[in-house]
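Participant: next one to model:
(chains A, B, C and D)
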Number of protein chains: 2
Amino acid sequence: MISGHNVVAMQPRPRPATAELPDVCANCTARSLTICAPLTADEQADVASLTTNLAFKPRQMIFHEGDDAEYVYNITAGSVALSKSMADGRRQITGFLGPGDFLGFNARAQHSVSAETLTDARVCRFVRRAFHDLLARIPTLEHRLLTVATTELEAAQDQILLLGRKTAMERISTFLLMQIERAKTRGAVTNPLLLPMTRAEVGDYLGLTIETVSRCFTKLRKSNIISLLNADRVSIDNPDALAALADSGD
Amino acid sequence: MISGHNVVAMQPRPRPATAELPDVCANCTARSLTICAPLTADEQADVASLTTNLAFKPRQMIFHEGDDAEYVYNITAGSVALSKSMADGRRQITGFLGPGDFLGFNARAQHSVSAETLTDARVCRFVRRAFHDLLARIPTLEHRLLTVATTELEAAQDQILLLGRKTAMERISTFLLMQIERAKTRGAVTNPLLLPMTRAEVGDYLGLTIETVSRCFTKLRKSNIISLLNADRVSIDNPDALAALADSGD
DNA sequence: CGACCCCTTGAGGCTTCTCAAAATCCGTGG
DNA sequence: CCACGGATTTTGAGAAGCCTCAAGGGGTCG
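Facilitator: Okay, here's the model as predicted:
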């Protein structure tokens, strides 16, 4: 058996048990405004009229790799993991997304990754075709999306460097720093840092096994660089040491 | 010493010895047409008026990671490698580009990767600011660029899966199949396949050492799946076996 | 023809993975 | 409030794949 993921027995793709929210979600419009600003009031109404708001529970699939890309989503609350899997069950998480991020915006007609919630989550859903029409109507929106896409591309390049050339300790250190930055950007508490993902998910994101992830956390703890208040609550005691480890090994 | 690249002694960033071509390159306009089609004649003239055409020799840097992103480039001929490096010289190639691909189109004001030619190459260069103005003037162009960016993002996700979860044999097999697809898309000869990059560059792309790359090629050769006519000319004798190896290990 | 560079091959070591078991956490129910 | 059960995390021992270091082979260009 090759490295990879504790195989979750490839379920026959249960459709997500989504719950339609009662009305157009105020958060969504607010978020879209944040993302696509500056839009006119008419444009905002245009965007809002196309959205359906959905709520997901933790560990629910929003869509699967290979599915027809019928919808485009914008996350309004919660965390989502994007992943790709191989036939034998090995899994790679390509990114963690949060409020404001787009999901399922593909060039092709099929989704290239799967999307699974890590926490309770809410999304605005657009019919794909309508979303593309919307982009054609609102160049500001398309421009904004291009900026988002190139930013994601840069993040992907960072991840490629991490996976191709960094050691386990460097990956974990980089990951923790990344999560701290995310929390800052979101205005969340950065210390102690809350990790919404399991060790298995961290491993699947960093190209490591769950055991290696755990061992690295332990090593950081024994070096007094972090403390584990909880499996998913990390106190960052020595950020400088963490930054040093992120680029120069152990 | 950690895995990585046969250190090329971090040169003090020699400026590229570029050569200005005499006039607006016909290829460039044609290429832009290919890429941004359908543009009106006026729009084409608009694009062409902004370009400077440059020629590069093999192994020349077009720009470095961290440099101010003064220009955006479009490749009209030749191959280019994008890479990121770590302080100790470990290098990761994030992608190989060819005719029609854009270079240096960033959200940020600094380049996030370095760009180096693999072969003789020609590029159309745009002043960054002028290029962004151009996008604002020609929504068709911006739309096309968004499609390009999302396509590149999907390629990056494939690369992330490869680096995070595939074995050396799987990486090499996947790589060869990828190169065959590229050649097909370009209308180039697919068999024997011409590899414009060295073993070191293949290694830096696949997150492997030069020795491991070489050993995998040898193994494929001894399995009668490929033949090496030359270090950089590969005959693909059993594409099906290669495809099988790409996803299921050795 | 020789020098240089790149590629190939070999031997040994190290990081990470695999397999296994113990410890801890957390929700549930008494 | 405490006990129980399942899941997750941690820890340990051994194996394996890939890397490191080293040397030899082959092609190209002056």
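
Participant: which bits of chain A sit near DNA strand D?
Facilitator: Residues of chain A lying near DNA strand D by CB under 7 Å from any atom of the strand: A:198-200, A:210-211, A:213-215, A:217-218, A:228, A:231-232. (Glycine included, C-beta is placed from N, CA and C.)

Participant: how about a cut-off of 10 Å?
Facilitator: Residues of chain A found near DNA strand D (CB under 10 Å from any atom of the strand) are A:1-3, A:6, A:8, A:59, A:164-165, A:167, A:195, A:197-203, A:209-219, A:221-222, A:228, A:230-232, A:234.

Participant: show me which of the residues you listed are buried.
Facilitator: For the residues of chain A next to DNA strand D, a burial check counting by 16 or more other CB atoms under 10 Å in any protein chain shown picks out A:164-165, A:167, A:195, A:197, A:199-203, A:209-210, A:212-213, A:216-217, A:219, A:234.

Participant: mind listing the strands for chain A?
Facilitator: Per DSSP state E, chain A carries strands over the ranges A:19-20, A:52-56, A:61-63, A:71-77, A:80-85, A:91-97, A:102-103, A:114-117, A:121-127, A:193-194, A:226-230, A:233-236.

Participant: what's the closest of these to residue B:116?
Facilitator: Nearest to residue B:116 among these is strand A:91-97 (25.9 Å), distances taken as CB to CB.

Participant: who does the closest one pair up with?
Facilitator: When sheet partners are counted by DSSP bridges, strand A:91-97 sits next to strand A:80-85 (antiparallel).

Participant: what's the angle from the lengthiest helix in chain A to strand A:71-77?
Facilitator: The residue-count maximum for a helix in chain A (DSSP state H) belongs to helix A:139-165. Put simply, helix A:139-165 runs at 80 degrees to strand A:71-77, going by axes from the mean of the first three to the mean of the last three CA atoms, to 10 degrees.

Participant: please identify the buried residues of helix A:139-165?
Facilitator: Residues of helix A:139-165 classed as buried under the neighbour-count rule (16+ other CB under 10 Å) are A:141-146, A:148-150, A:152-165.

Participant: how about stretch A:66-76: buried residues?
Facilitator: For stretch A:66-76, burial by neighbour count (16+ other CB under 10 Å) applies to A:67, A:69, A:71, A:72, A:73, A:74, A:75, A:76.

Participant: circling back: is it possible to export the strands of chain A to a markdown table including mean pLDDT?
Facilitator: Converted to a markdown table, those look like this (pLDDT from 0 to 100):
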| stretch | mean pLDDT |
| --- | --- |
| strand A:19-20 | 39 |
| strand A:52-56 | 94 |
| strand A:61-63 | 97 |
| strand A:71-77 | 95 |
| strand A:80-85 | 97 |
| strand A:91-97 | 97 |
| strand A:102-103 | 96 |
| strand A:114-117 | 97 |
| strand A:121-127 | 94 |
| strand A:193-194 | 94 |
| strand A:226-230 | 93 |
| strand A:233-236 | 96 |
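
Participant: which one of the ones you listed lies nearest to residue B:48?
Facilitator: Closest to residue B:48 of those, according to CB to CB: strand A:102-103, at 33.5 Å.

Participant: chain center to that closest one: distance?
Facilitator: Taking CA atoms, centre = their mean, to the nearest Å, one finds the center of strand A:102-103 at 9 Å from the center of the full chain.

Participant: for stretch A:145-158, same thing?
Facilitator: For stretch A:145-158 - counting by CA atoms, centre = their mean - the centre lies 13 Å from the chain centre.

Participant: repeat for stretch A:115-123
Facilitator: So, by CA atoms, centre = their mean, the centroid of stretch A:115-123 is 9 Å from its chain's centroid.

Participant: stretch A:215-222 now?
Facilitator: Its chain's C-alpha centre and that of stretch A:215-222 lie 25 Å apart, by CA atoms, centre = their mean.

Participant: same check on stretch A:102-110?
Facilitator: The chain centre lies 15 Å from the centre of stretch A:102-110; the measure is CA atoms, centre = their mean.

Participant: quick one: buried residues of that stretch?
Facilitator: Buried positions in stretch A:102-110, judged by neighbour count with 16+ other CB under 10 Å: A:102, A:103, A:104, A:105, A:106.

Participant: next: stretch A:74-83.
Facilitator: Neighbour-count burial for stretch A:74-83 flags A:74, A:75, A:76, A:77, A:78, A:79, A:80, A:81, A:82, A:83 (criterion: 16+ other CB under 10 Å).

Participant: closest one to chain B out of those, please.
Facilitator: Set against chain B, the nearest of the buried residues of stretch A:74-83 by CB to the nearest CB is residue A:82 (7.7 Å).

Participant: tell me the bridge partners for the closest one.
Facilitator: residue A:95, residue A:115.

Participant: OK, contacts around it?
Facilitator: A:93, A:94, A:95, A:96, A:97, A:103, A:113, A:114, A:115, B:157 (CB atoms under 8 Å, 6 or more residues apart in numbering or on different chains).

Participant: quick one: terminal-to-terminal distance for stretch A:111-125?
Facilitator: Separation of the first and last residues of stretch A:111-125 by CA to CA, to the nearest Å is 15 Å.

Participant: now swap in stretch A:58-71 and tell me
Facilitator: End-to-end distance for stretch A:58-71: 20 Å, by CA to CA.

Participant: which of the strands of chain A sits closest to DNA strand C?
Facilitator: strand A:226-230 (4.8 Å; CB to the nearest atom of the strand).

Participant: give me the sheet partners of the closest one and which way each runs.
Facilitator: Partners of strand A:226-230 in the sheet, by DSSP bridges, are strand A:233-236 (antiparallel).

Participant: any regions of chain A where pLDDT drops low?
Facilitator: Within chain A, the ranges that satisfy pLDDT under 70 run A:1-40, A:42-43, A:46, A:249-250.

Participant: circling back: how about the buried residues of stretch A:74-83 in CSV, adding distance to DNA strand C?
Facilitator: As requested, the buried residues of stretch A:74-83 are exported to CSV (distance: CB to the nearest atom of the strand, whole Å):
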residue, distance to DNA strand C
A:74, 29
A:75, 23
A:76, 24
A:77, 19
A:78, 17
A:79, 17
A:80, 21
A:81, 18
A:82, 20
A:83, 16
